[in-house]
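Enquirer: Model the structure of this input:
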Amino acid sequence: MASFSLPTYHTLPSLLHYHTPKATLSQNPSLLPKSSQSQFHGLKLYNSSPVSIPSSSYVKGSIVAKVHLIICSFSLILHCGFSNSSSRMMQRRHNYVSVDNLQEYRELILDQRDSKSLDCQAPITEGSLAPAFTLKDQDGKTVSLSKFKGKPVVVYFYPADESPSCTKQACAFRDSYEKFKKAGAEVIGISGDDPSSHKAFKQKNKLPFTLLSDEGNKIRKEWGVPADLFGALPGRQTYVLDKNGVVRLVYNNQFQPEKHIDETLKFLQSV
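Expert: Numbering: from 1, shown residues only. The predicted structure follows:
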């Protein structure tokens, strides 16, 4: 195998990114004893003083560890998709309840990764008339938006029952529900979960307002609710409608679910 020598201004630490004492390389490797020769990836390096050089197995192990760390970090960043199956969400929630939003969103994304059901139309803007809808509530009864005409209505779209962030948001609406009633407004929550999931979610968290089932995300698309994370994560968006059904406020915030309550109350109390 051919030998080569390196210029004197190069040192092993700069070549291998491995912290060792600097050593000057000999310009005349043939004069050095064989014991001073080290081999790394098939290339003979000659140096004039003993230097600790990592073995190939050490280097490979370090590379594998770094790649694994990068993959794990990226996997966590792919932090929420959407599950239409309440049972699957219930089975999974113990795996990510202890991790804030990142793991939750990663699990939900995995459920939604092959779905295009979140593609939506042009978003509804403030001043627009809210599109009508008729959906099933947590008891399986049909409920139309027109039922609430004559009073302000807060319609909030959320990703899924039982997820930590959605539970925080629902409970925040529950805790402030009397303030919404005092402002003359009604609250409606909408997600793609089925009525039985909504019923369990409502009972477990003692929610005083209606939850509607938008299976297939039809209404979400008609209202133009934007998805997050390149379409993988159903958007978390809240609308405030006046007594005539005209949209007066649109608020979007995926990662601070409780801010929806603050912003909508602030708006309702100011009009």
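
Enquirer: List the contacts of Thr134.
Expert: With contacts defined as C-beta atoms under 8 Å, 6 or more residues apart in numbering, the neighbours of Thr134 are Thr142, Val143, Ser144, Leu145. (C-beta placed from N, C-alpha, C; glycine too.)

Enquirer: mind listing the helices for the stretch 51-200 of the chain?
Expert: Counting by DSSP state H, counting those that start in this stretch, one finds helices in the stretch 51-200 of the chain at the ranges 56-77, 86-96, 101-112, 164-175, 177-182, 195-205.

Enquirer: where in this structure is pLDDT low?
Expert: Across the chain, the stretches falling below the confidence threshold (pLDDT under 70) are 1-121.

Enquirer: How is it divided into domains?
Expert: What the record gives for the chain is the domain set 12-54, 116-270, from automatic domain parsing.

Enquirer: which of these sits most buried?
Expert: Highest mean neighbour count of those: domain 116-270, a mean of 18 (counted as mean count of other C-beta atoms under 10 Å).

Enquirer: related to what we said a few turns ago, closest to Asp193 out of the contacts of Thr134?
Expert: The shortest distance between Asp193 and any of the contacts of Thr134, using C-beta to C-beta, involves Val143 and amounts to 15.1 Å.

Enquirer: Nearest spatial neighbour of the closest one, chain-adjacent residues omitted?
Expert: For Val143, the nearest residue in space outside its immediate sequence neighbours is Asp137; the separation is 4.9 Å by C-beta to C-beta, 6 or more residues apart in numbering.

Enquirer: show me what contacts that neighbour?
Expert: When contacts are counted by C-beta under 8 Å, 6+ apart, Asp137 touches Val143, Pro195, His198, Thr210, Leu211, Leu212, Ser213.

Enquirer: quick one: which of those sit in strands?
Expert: Within the contacts of Asp137, membership in strands is found for Val143, Thr210, Leu211, Leu212, Ser213, as judged by DSSP state E.

Enquirer: so can I have a markdown table of these showing distance to Phe267?
Expert: Formatted as a markdown table, the entries for the ones in strands among the contacts of Asp137 read as follows, by distance: C-beta to C-beta, whole Å:
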| residue | distance to Phe267 |
| --- | --- |
| Val143 | 24 |
| Thr210 | 20 |
| Leu211 | 22 |
| Leu212 | 22 |
| Ser213 | 27 |
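
Enquirer: Next one: Gln237 from Val250, what distance?
Expert: Taking C-beta to C-beta, to the nearest Å as the measure, Gln237 and Val250 are separated by 7 Å.

Enquirer: same deal with Asp194?
Expert: Asp194 sits at a distance of 27 Å from Val250 (criterion: C-beta to C-beta).

Enquirer: Distance-wise, check Met250 relative to Arg220.
Expert: I think there's a mix-up here, since residue 250 is Val and not Met. From Val250 over to Arg220 the distance is 14 Å, taken as C-beta to C-beta.
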